[in-house]
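J.: Everything below, folded, please.
(2 chains)
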Amino acid sequence: MQLALFIIFGLLAVLGAFNLLAQKHPINSALSLIVVMMSLAVLYFSLGAEFLAAAQVIVYSGAIMVLFVFVIMLLNAGEEEHTDDSKVASIVGFPGAAAVFCLLTFVFLKEKATLGFSHLESALGGAVSNIVEISHVLFTKLLLPFEVTSILVLVAILGAVVLARKEL
Amino acid sequence: MNPHTPFLIFLLLSIAKIVVVLVITLTAVAYTVLLERKVLGRMQNRWGPSRVGPFGLLQPLADGIKLFLKEDIMPLSVERPLFILAPLIALSCALMSIAVVPFGKATPVTIKGVTVDIGQIADLNIGLLVILGITSIGVYGIALSGWSSNNKYSLFGSLRASAQLISYELALGLSLVGVVLRAGSLRLRDIVDSQSAHGALSWNILGGFQIVAFFVYMMSAYAETNRTPFDLPEAESELVAGYHTEYSSMKFAMFFMAEYANMITVACVATLLFLGGANSPFGHLFDHVLNNAFFNFLIPCLWFVAKVFSFILLYIWVRATLPRFRYDQLMGFGWKFLLPIAMLNILATALALAFHSTV
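T.: Residues are numbered from 1 along each chain as shown, chains lettered A, B, ... in the order given. Coordinates of the predicted model:
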């Protein structure tokens, strides 16, 4: 079951990502990105991280991508014109991406034992909510980073207000 | 016995549950339309639909046949794939969230060794988040329909709708936090159970002191479903019909059904979170009356339906009473009034709970 979900939605995520690059119209690209986000959410869910999956859907597909689509619609952006390919990208692109991919695979395989894993069956059958665990860790061990992040977000909001308001 | 048989039985039972709930929901959608036309009619001192069937009760059927047989006109300059996809997204998202709603008491039924709960389709421990997530995906139906129609009125309608939905989703989400804090869980069944002790007195709207949250929720829910007084996305005096101007036949019907299905979902969530779900308002006072398995399942379901019905009636009443807001008033109301109030409510609830638990 977990393997089937992984294959289907992993493939969907990869196809969505390629489609994002291939599409000429920004709104089609944005929709492909939504497909990628939703597939990632299913993958999180299949790993037993249901809260992360819900947060992924609500925050990324539901809020951030809506804003993307909204801005594209508001600006009425047309199809993008094809420009000359950048030389650097065509030479370094594929080897660079392959190198990053190899590095990530190496790190994950090496640290496999310490990263830990879970199965869908245990997550669905055990009915232990990991929301409780997440909130416990977030408000005890990781309280300082959590609060610092909230200050960061506040600063970002204030910055946006300052940039948007011309007369101050 | 085949090792896969329990799974297959579970699958069949689940599909049966989904079909039953879907049929009931779609019928409810059709009759909510009729109810709205009837009640609006009576409030404006006229009869409403009264010709088809007794008291006009077959009107939804006639409307359905009419919409189904109409010619499906598609303008030439629309963005075809998205134009077709948009009503599908709108309707499927509107109908999907009913899957996590516990409409009755937890009633396990065992058939051939497989136990299923007939009071709910899927019992998830992130039920509330699932509903919020599906609602937030539903925006794409409206946004894409307006954009792909290639019509300025449609585009304006969908821009208004998207901006309105993004703004009011914050207030809506924050108004639910107080209830979640009280129940200590995101599972809808737990939230309902946390209000079951003393009948109506322990519902979140009364005994839970979440009445402020209820009003914030109600107003943002009206805005989320594009209903009066926040129906600017389809303001007919300015935008023809808003985002679904170019749609006809079944595609229009899908948007129409999606709007009413969203109303029902919102009413279900209000019932679950603030009005005690399927619990009787009299608590356990009349538990000994009609005490057998059948009625123990049926009566909570009827209470649930009654609560959803009264919330929908409130919707219609508001539509008959209030005029439309101006757009800047709508935004100001959401951001400057509802959002701070929802935050204050969270603060007050959290403080009260912290104080209560230490004493």
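J.: for chain B, what's the longest helix?
T.: Secondary structure assigned by DSSP state H gives helix B:5-43 as the longest helix of chain B.
J.: Show me what counts as buried in that helix.
T.: Buried positions in helix B:5-43, judged by neighbour count with 16 or more other C-beta atoms under 10 Å in any protein chain shown: B:13, B:17, B:21, B:25, B:28-30, B:32-39, B:41. (Glycine included, C-beta is placed from N, CA and C.)
J.: same thing with stretch B:81-101?
T.: B:82-83, B:85-87, B:89-101.
J.: cool, and stretch B:326-337?
T.: B:330, B:333-334.
J.: Repeat that for stretch A:156-168.
T.: Within stretch A:156-168, judged by 16+ other C-beta under 10 Å, no residue is buried.
J.: what's the average pLDDT for it?
T.: With pLDDT averaged residue by residue, stretch A:156-168 scores 82.
J.: next one: stretch B:345-359
T.: 83.
J.: again with stretch B:292-302
T.: Rounded mean pLDDT across stretch B:292-302 is 80.
J.: Minimum distance to chain A, which residue of the stretch 101-250 of chain B gives it?
T.: When distances are taken as C-beta to the nearest C-beta, the stretch 101-250 of chain B reaches nearest to chain A at residue B:136, 2.7 Å away.
J.: Tell me how many other residues surround the spatially closest residue to that residue that is not a sequence neighbour.
T.: Once flanking residues are discounted, residue B:136 sits nearest to residue A:62: 2.7 Å by C-beta to C-beta, 6 or more residues apart in numbering or on different chains. When neighbours are counted by other C-beta atoms under 10 Å in any protein chain shown, residue A:62 registers 26.
J.: how close does residue A:62 sit to residue B:130?
T.: 12 Å (C-beta to C-beta, to the nearest Å).
J.: Give me the domain ranges for chain A.
T.: A:1-79, A:86-118, A:129-168 (automatic domain parsing).
J.: now the strands for the stretch 51-200 of chain B?
T.: B:108-111, B:114-117 (DSSP state E, counting those that start in this stretch).
J.: Tabulate those strands (TSV), appending mean neighbour count, mean pLDDT and distance to chain A.
T.: Below are the strands of the stretch 51-200 of chain B laid out as TSV (neighbours: other C-beta atoms under 10 Å in any protein chain shown; pLDDT from 0 to 100; distance: least, C-beta to the nearest C-beta, whole Å):
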stretch	mean neighbour count	mean pLDDT	distance to chain A
strand B:108-111	10	76	14
strand B:114-117	16	75	13
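J.: quick one, which of those is nearest to residue A:113?
T.: strand B:114-117 (37.8 Å; C-beta to C-beta).
J.: got a list of contacts for the closest one?
T.: B:6, B:9-10, B:13-14, B:17, B:106-109, B:123 (C-beta atoms under 8 Å, 6 or more residues apart in numbering or on different chains).
J.: Just give me the residue closest to the centre of chain A.
T.: residue A:37 (5.7 Å; C-alpha atoms, centre = their mean).
J.: That one contacts residue A:65, doesn't it?
T.: Yes - at 6.6 Å, residue A:37 and residue A:65 qualify as touching, with contact defined as C-beta atoms under 8 Å.
J.: before we move on, back to that, format the strands of the stretch 51-200 of chain B as JSON lines; extra columns: distance to residue B:346.
T.: Shown next, in JSON lines, are the strands of the stretch 51-200 of chain B (distance: least, C-beta to C-beta, whole Å):
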{"stretch": "strand B:108-111", "distance to residue B:346": "35"}
{"stretch": "strand B:114-117", "distance to residue B:346": "32"}
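J.: Can you say which of these is nearest to residue B:68?
T.: strand B:114-117 (33.7 Å).
J.: chain center to that closest one, what's the gap?
T.: 26 Å (C-alpha atoms, centre = their mean, to the nearest Å).
J.: Please name the residues that touch the closest residue to chain B within chain A.
T.: Residue of chain A nearest chain B, by C-beta to the nearest C-beta: residue A:62 (2.7 Å). Residue A:62 sits next to B:132-133, B:135-137, B:139, B:169 when contact means C-beta under 8 Å, 6+ apart.
J.: ok, now residue B:121?
T.: Counted by C-beta under 8 Å, 6+ apart, residue B:121 has contacts B:14, B:17-18, B:21, B:98-101.
J.: quick one: which of those residues is nearest residue B:319?
T.: Checking the contacts of residue B:121 one by one against residue B:319 (C-beta to C-beta), the nearest turns out to be residue B:98, at 22.5 Å.
J.: show me what contacts that closest one?
T.: B:21-22, B:25, B:121, B:261, B:264-265, B:268.
J.: would you turn those into TSV with pLDDT and distance to residue A:166?
T.: Shown next, in TSV, are those (pLDDT from 0 to 100; distance: C-beta to C-beta, whole Å):
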residue	pLDDT	distance to residue A:166
B:21	88	53
B:22	89	52
B:25	88	49
B:121	80	52
B:261	90	43
B:264	90	45
B:265	90	41
B:268	90	45
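J.: count of residues packed around the closest residue in space to residue B:224 that isn't next to it in sequence?
T.: The shortest distance from residue B:224 to any non-neighbouring residue, by C-beta to C-beta, 6+ apart, is to residue B:168 (5.5 Å). Counted with other C-beta under 10 Å, residues neighbouring residue B:168 total 26.
J.: now the one 3 residues further on
T.: One way to gauge burial is a neighbour count; for residue B:171, by other C-beta under 10 Å, it gives 25.
J.: Next: residue A:59.
T.: Neighbours around residue A:59, by other C-beta under 10 Å: 14.
J.: The one 4 residues further on now?
T.: Under the neighbour criterion other C-beta under 10 Å, residue A:63 is assigned a count of 16.
J.: is it true that the residue nearest to residue B:224 touches residue B:223?
T.: Yes - counting by C-beta under 8 Å, residue B:168 does reach residue B:223; the two are 4.0 Å apart.
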